[in-house]
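> sequence first, then the predicted structure, then my questions.
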Amino acid sequence: MRKTSRWILNRFLFGLVSLPLAIAAVPAALTGGAESAARRQVRNARRLTSAPLDVRPTGPGRVVAHTLAAFLPALISLLAALMMVYLVGAAFLYPLRPDTISTIGHPLTHDHALDGSWGGTTLIGAWLAHSIIGFGLELGSLLILWATSTAQLKLTRRLLAVARPAPIAGPAPVAGSVAGSVTAGSVAAGSPVAPAVPAAAPPGGPAGPAPVAPVAAAPKVSHRAGSR
């Protein structure tokens, strides 16, 4: 739910500011501010994607071309975002409208102020009807906003932005293999072996002598010098 709300908010904010940024980018680009204009639009496009975007070296031609190509989608995005704001007041906050606030004291009874409204002549009925219709229009506006903002994101990636390369992580050390190598090396170097544990005595009988581990005989070394 939190992720969905953030997604909707980012699309809504993008739709509100994308057209003003695109229009303001043209005079800025023609007066030597192409890089800063492109940077502002790329920063706005970062709302729509989790992929890192950097500004590419940009001249006035690319900035003006981006504005011309994105003008219509940006205009539709702005209208869709404004429609979402309008529907909140016209549908979901219907009882607080100036033409219906006089009926808020008796929401379940007939009122002539609601004779021509959708949902009947009671405030509850009219509020419910306007909320259902407003919810459907909100979904339609959101779908339009999603389509137009996605088109603008593609234009920004093509003309103004470049994907930032992800950092390359080095190989992680394997602790198990290192520990195994150290253990094997210590055994090969002649580390002492733990003494044998005496066998437990059988129940009810005396403990017998502990078994003695056999010791290998040392090899004989000849001390005769010059033997052939």
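Cool, the structure landed.

> SS state for the most centrally placed residue in the chain?
Central residue of the chain (Cα atoms, centre = their mean): Ser50, 5.5 Å from the mean position. Following DSSP: H, G, I helix; E, B strand; the rest coil, we place Ser50 in the coil state.

> how about it, what does it touch?
With contacts taken as Cβ atoms under 8 Å, 6 or more residues apart in numbering, Ser50 has no neighbouring residues. No exception for glycine: its C-beta is placed from N, CA and C like everyone else's.

> go on, the one 4 residues further on?
Under the criterion of Cβ under 8 Å, 6+ apart, the neighbours of Asp54 are 42, 161-164.

> which of the residues you listed are buried?
42, 161 (16 or more other Cβ atoms under 10 Å).

> got the confidence number for the residue nearest to the centre of the chain?
Looking at Ser50, its pLDDT stands at 87.

> relative to Leu9, how far out is it?
From Ser50 across to Leu9, the span is 15 Å (Cβ to Cβ, to the nearest Å).

> ok, Pro95 - contacts?
Applying Cβ under 8 Å, 6+ apart, the residues contacting Pro95 are 101, 103-104, 107, 123, 127.

> show me how far the helix or strand containing Arg6 is from its chain's centre.
Per DSSP states H and E: Arg6 is located in helix 2-30. On the basis of Cα atoms, centre = their mean, to the nearest Å, helix 2-30 sits 19 Å off its chain's mean C-alpha point.

> surely Ala81 meets Leu16?
Yes. Counting by Cβ atoms under 8 Å, Leu16 is a contact partner of Ala81 at 4.9 Å.

> the two: who's more crowded?
Ala81 (25 against 17; other Cβ atoms under 10 Å).

> assumed that one was part of a helix.
Yes. The assignment for Ala81 (three-state DSSP) places it in a helix.

> re the thing from before, now, among the contacts of Pro95, which is nearest to Gly61?
Trp127 (53.2 Å; Cβ to Cβ).

> having no further points to raise, I will conclude here.
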